[in-house]
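A.B. asks: Okay, sequence plus prediction incoming.
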Amino acid sequence: MDRAGIKEAMSRAQGSKRSELALKEGLLLLVEDKNARRAAEVFKEVAEAESAELGAHARLFLGHAYRAMGKRRTAVFTYQRLARREPADDTTVLALIALAEIGDATIARVASERLQSICAQSDRPAAADLVDSGKLVDSIQGIYAGE
């Protein structure tokens, strides 16, 4: 679906379907348009309107948008909210990876410890496979090497 199609579908959609389309629009704003401020507005609307999975994804993307705007502290607070989720899911793992990368020494240490704990679980989220638990810091640096 192209950009015009997303906007048209959003004008007719309601509820979770509208939120899903808004997330797509927000990602386009962030990645293609490099408009992190506008993307953050979209992600915040979805995060406030949705609970559970869609809300968590919106909050993760909101953290990324804050990070893109250079608002590291606000991004850290946003990621921390996700990092405390129980049971841990993919958004929890991705938020912890971001915290290990951009947090201060204490935040990075706590995030790394939680990541190692999650990676050691037999029923860990799929995103935990992004992290080689034996070389956590190297794995995280590899993920963000392209930034």
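C.D. replies: Received the coordinates, thanks.

A.B. asks: Show the contacting residues for the spatially most central residue of the chain.
C.D. replies: Nearest residue to the geometric centre of the chain (C-alpha atoms, centre = their mean): Leu60, 2.3 Å. Listed by C-beta atoms under 8 Å, 6 or more residues apart in numbering, the contact set of Leu60 reads Tyr79, Leu82, Thr91, Leu94, Ala95. Glycine gets a C-beta too; all of them are placed from N, C-alpha and C.

A.B. asks: helix, strand or coil for it?
C.D. replies: helix (DSSP: H, G, I helix; E, B strand; the rest coil).

A.B. asks: Against Asp2, how distant is it?
C.D. replies: Per C-beta to C-beta, to the nearest Å, Leu60 is found 24 Å from Asp2.

A.B. asks: Now name the helix or strand holding Arg73.
C.D. replies: According to DSSP states H and E, Arg73 maps onto helix 72-83.
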